[in-house]
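Engineer: Sequence first, predicted model second:
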Amino acid sequence: MIERFCEQLPAIQAAVMDPRIKKQVEKEKLMEKLQSDDFKKAEEFVQLMHVLYTSTLCVSSEKSPTSGQILPILKKLECHYSIKTGDSAFARNIKEKIWTDLSTRYQDKEIQNFLEEATVMDPRFKLKMDNNDAIWDRLRSAAVAELLTEAEELPVPEDTQSCEGVDEEEGEEEGYTVPVKHPKTALEELFAEEEQDMQQVAPQETQNIDERLDLEIRMYRSLPAIPISSDPVLWWWQKRDTFPLPHDFAQAYLCAQASSTPSERVLHSRRYH
């Protein structure tokens, strides 16, 4: 409702101001009807609704409004519409009605969990959540389960016969050529011990999915949040080699739109053109 109102606001303003639609009211008569309290209420109303209007634009007019920005926007709206000392009865009434409606959104547990996870996966808002540890525990468990499932589904290489004890004639008949061992260069011989140590350590570092994921998540969480103007999708793409495991499941959250308004706008434009 609010999104559509924002889209139609220029047309509504033009219709209200068009003298052919609305009869002209003499300025003096209009001023007689308006009291100083009316002007004060109008100013309060504009101030109260400006944040809601801006929030609506964030999810309906931005180029890539991701679902990770929903909860940070709601938190800002909650702060804005909380009752404060000194609020007039008019302002309190508006705040209560607006927040009563907004607070009932996204109450489904699965949707709420998804939005929390999408928020921490958005590098702009990852520090905005209070229960970060619980959210990351859920994400880590889901990611490990998915990675292990993918690893189990990979095709198992067939066992190859050992080259030991295979004579040349048998190798030629089966189309197999015994690899030729080239002598080590002087540089390889000089750093042979270091090379062997690296070959022994590397498989251990990359073999355990849990440890790799934990390390990449800790590195991601230790980074500062990026500016709000930055593109989170582009940021993850640039960090895909640094955080390959979180990058894979970050895409699942970043591709979810915060609002269906942009797609609806495209649908309407195609229908009428």
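Structural biologist: On my side now, so go ahead.
Engineer: isn't residue 90 right next to residue 41, touching?
Structural biologist: Yes - Residue 90 lies in contact with residue 41 (Cβ atoms under 8 Å); the separation is 5.3 Å. Just so you know, the C-beta spots here come from the backbone N, C-alpha and C atoms, and that holds for glycine as well.
Engineer: Residues in contact with both of those two, list them for me.
Structural biologist: Counting by Cβ atoms under 8 Å, 6 or more residues apart in numbering, residue 90 and residue 41 have no contacts in common.
Engineer: what domains does the record give for the chain?
Structural biologist: 1-105, 119-149+206-256 (automatic domain parsing).
Engineer: State the distance from residue 48 to residue 80.
Structural biologist: According to Cβ to Cβ, to the nearest Å, residue 48 stands 8 Å off from residue 80.
Engineer: oh, I was asking about residue 212
Structural biologist: Taking Cβ to Cβ as the measure, residue 212 falls 42 Å from residue 80.
Engineer: number of nearby residues for residue 221?
Structural biologist: 14 (other Cβ atoms under 10 Å).
Engineer: What residues does it make contact with?
Structural biologist: Residue 221 touches 126, 132, 136, counting by Cβ under 8 Å, 6+ apart.
Engineer: Wait, residue 112 touches residue 119, no?
Structural biologist: No - Residue 112 lies out of contact with residue 119 (Cβ under 8 Å); the separation is 10.7 Å.
Engineer: The two: which has the busier surroundings?
Structural biologist: Taking other Cβ under 10 Å, residue 112 and residue 119 do not tie; residue 119 has more neighbours (25 against 12).
Engineer: can you tell me the helix or strand for that one?
Structural biologist: According to DSSP states H and E, residue 119 maps onto helix 109-121.
Engineer: Then residue 82?
Structural biologist: Short version, using DSSP H and E: residue 82 is in no helix or strand.
Engineer: got any ranges where the chain has weak pLDDT?
Structural biologist: Low-confidence segments of the chain, defined by pLDDT under 70, are located at 1-9, 12-13, 15-34, 62, 150-182, 184-207, 259-273.
Engineer: Just want the phi and psi numbers for residue 257.
Structural biologist: With angles defined as degrees, to the nearest 10, residue 257 sits at phi -80, psi 150.
Engineer: if I look at it, how far off is residue 123?
Structural biologist: Relative to residue 123, residue 257 is positioned 18 Å away (Cβ to Cβ).
Engineer: Tell me the helices and strands packed up against the biggest helix by length in the chain.
Structural biologist: Looking across the chain with DSSP state H, the single longest helix is helix 36-60. Packed against helix 36-60 by the contact rule (3 or more Cβ pairs under 8 Å, 6 or more residues apart in numbering; DSSP states H and E) you find helix 2-17, helix 70-80, helix 89-102, helix 261-272.
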